[in-house]
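S.K.: kindly generate the corresponding structure for this input.
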Amino acid sequence: MPRHSPSPDLVIIGAGVVGAACAYYAARAGLRVAVVDRGPVAGGTTGAGEGNLLVSDKEAGPELDLALLSARLWRELALELPQEIEYEAKGGLVVAAEAATVKALRGFADGQRAAGVEAVEVGPGELRELEPHLAPDLAGGFHYPQDAQVQPAQAAARLLAAAGLTSPGVEVHLGEEVTELLFGPAGELRGVRTARRDLLAPAVLNAAGTWGGAVAALAGVSLPVLPRRGFVLVTEPLPRVVRHKVYAADYIADVASGSAALQSSAVVEGTPAGPVLIGATRERVGFDRSLSLEALRRLAAQAAALFPVLADVRVLRTYHGFRPYLPDHLPAIGPDPRVPGLFHACGHEGAGIGLAPGTGVLIASTLTGAAPVLDPAPFAPARFAGAEPPG
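M.R.: Numbers count the residues shown, from 1 in each chain. Below you'll find the predicted structure:
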């Protein structure tokens, strides 16, 4: 028989950065928390991410509001956890090859500014002042000083560690897959079961990222989370030839697209250690982990077009992961009305690292009855109450 651990107030399924942030803010709110994951910390989507904390790619609306809240919280966390999460306020630079695209970016930025985003238009002559190695024939772009970056796996690990320091009532169980959800006599959720233990709690949070749909299915409900595969190239260490997070304007359209086909747009950034990271591709191919040479070729060609200096640089390795895609491009955050005691914090697609602190604050306020810092309604899982299982 599985042994019983002392009962927490909340069990979190998932030790990625979203689960870790939810644990951190729940512990700060005084809750006893247990985190359980079938693998290690950041063993899923978080560990395959670049650590982007972006406001630049989000149009005015609920996701941008959550991103701005999270950007502020990440700055606070960088002060609380100095050096440990490798926070870098590098800023973002969105570039356009044609004047018509610059005009479209201008309208996009106007809406963002109304929501509180700093967006500075940069003319073609000024682009190379910000990034000396950019291609010389670009039409212009926009600089976003609020964009930043963290080391995602380290950030998840440090948030979990900080949660434990905040409250002695935090426990973490790694390498334990949740095989069953436990229910009370009235159908309310009462905890989770692994091969090693039962964790009993009045609230269970699904923070399983791309696998959030499978966790929801254990509760007998549908959450239409689908995997969206993406590749990243890692170059040999270089001098800091790329200063900002730099990407082509079509990346914004790719993020918002619902297409299942392969999409790629140049996203290039340097790292403190020297290698340059090159993304980003998106495609819905299930959990197919095979290497796509077409995706890698596209990334390399688009990066070299943006930064010609990269044309002869060696690529040392590539990696890929699965973004948790929901069809309306908003995460599911909050209680599931179909199962008392079930909460969700998943479906952030490629923005989970950036949106993690704001998600944690929303979950903590929901669980404690505190006033939310922003309107949680757009993220409510209730919008999927009638959803069919994803195909």
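
S.K.: got the contact list for residue 264?
M.R.: For residue 264, the contact set (C-beta atoms under 8 Å, 6 or more residues apart in numbering) comprises 254, 280, 281, 282, 295, 298, 299, 302. For every residue, glycine as well, the C-beta is placed using N, CA and C.

S.K.: which strand or helix spans the second one?
M.R.: Looking back up the chat, that one is residue 280. Element membership for residue 280, per DSSP states H and E: strand 276-282.

S.K.: what is the subsequent helix or strand relative to that strand?
M.R.: Next in sequence after strand 276-282, counting helices and strands by DSSP H and E, comes helix 293-306.

S.K.: just checking, what packs against that next one?
M.R.: With contacts taken as 3 or more C-beta pairs under 8 Å, 6 or more residues apart in numbering; DSSP states H and E, helix 293-306 sits against strand 226-235, strand 245-248, strand 263-270, strand 276-282.

S.K.: any idea of the mean pLDDT in the third one?
M.R.: Strand 263-270 shows an average pLDDT of 90 in the prediction.

S.K.: what pairs with it, parallel or antiparallel?
M.R.: Looking at strand 263-270 with DSSP bridges, its partner strands are strand 245-248 (antiparallel), strand 276-282 (antiparallel).

S.K.: give me the residues contacting the shortest one.
M.R.: Translated: strand 245-248. 52, 54, 56-57, 90-97, 131, 134, 147, 149, 265-269, 280, 302, 306-307.

S.K.: mean confidence for that strand?
M.R.: Strand 245-248 shows a mean pLDDT of 94.

S.K.: mind checking how far it is from the chain centre?
M.R.: On the basis of C-alpha atoms, centre = their mean, to the nearest Å, strand 245-248 sits 18 Å off its chain's mean C-alpha point.

S.K.: adjust the sequence numbering to begin at 413 for everything that follows.
M.R.: Got it, the first residue is 413 from now on, which makes the last one we talked about strand 657-660.

S.K.: following the chain onward from that strand, which element is next?
M.R.: helix 662-668.

S.K.: only alpha carbons, please: show that following helix as CSV.
M.R.: This file holds the C-alpha atoms of helix 662-668, laid out as CSV (Å, rounded to 0.1, in the frame of the first residue of the first chain):
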residue,chain,number,x,y,z
ASP,A,662,7.3,37.5,-38.8
TYR,A,663,8.1,35.8,-35.5
ILE,A,664,5.1,37.7,-34.0
ALA,A,665,2.8,36.3,-36.6
ASP,A,666,4.2,32.8,-36.0
VAL,A,667,3.5,33.0,-32.3
ALA,A,668,-0.1,34.0,-32.9
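
S.K.: what residues of that helix count as buried?
M.R.: Neighbour-count burial for helix 662-668 flags 662, 663, 664, 666, 667 (criterion: 16 or more other C-beta atoms under 10 Å).

S.K.: between those residues, which is nearest residue 592?
M.R.: Distances from residue 592 to the buried residues of helix 662-668, taken as C-beta to C-beta, are shortest for residue 667 (35.8 Å).

S.K.: confidence score at the closest one?
M.R.: Residue 667 is given a pLDDT of 73.

S.K.: helices of the chain, start to end?
M.R.: 429-440, 474-492, 511-527, 536-542, 564-578, 624-630, 662-668, 705-718, 764-780 (DSSP state H).

S.K.: state the distance from residue 673 to residue 745.
M.R.: 28 Å (C-beta to C-beta, to the nearest Å).

S.K.: so for those two, which residue has more residues nearby?
M.R.: The neighbour count for residue 673 versus residue 745, taken as other C-beta atoms under 10 Å, is higher for residue 745 (28 against 9).

S.K.: between the strands paired with strand 675-682, which gets nearest to residue 597?
M.R.: strand 688-694 (44.7 Å).

S.K.: out of the strands paired with strand 675-682, nearest to residue 595?
M.R.: strand 688-694 (37.0 Å).

S.K.: what mean pLDDT does the closest one get?
M.R.: 90.

S.K.: which outside residues touch that strand?
M.R.: By C-beta under 8 Å, 6+ apart, the residues outside strand 688-694 that reach it are 462, 640-647, 650, 653-654, 659, 663, 666-667, 669, 674-683, 704, 707, 710-712, 715, 722, 725, 727, 735, 762.

S.K.: for stretch 735-745, measure first residue to last.
M.R.: One end of stretch 735-745 sits 16 Å from the other (C-alpha to C-alpha, to the nearest Å).

S.K.: can you name the residues in contact with it?
M.R.: For stretch 735-745, the external contacting residues (C-beta under 8 Å, 6+ apart) are 457, 474-475, 621-624, 635-642, 667-668, 670, 694, 696, 756-764, 767, 771, 774-775, 788, 790-793, 795-796.

S.K.: select only the buried ones of these in PyMOL?
M.R.: To isolate the buried members of the contacts of stretch 735-745 in PyMOL, using 16+ other C-beta under 10 Å:
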select buried, resi 457+474+475+621+622+623+624+635+636+637+638+639+640+641+642+667+694+696+756+757+758+759+760+761+762+763+764+767+771+774+775+788+790+791+792+793+796
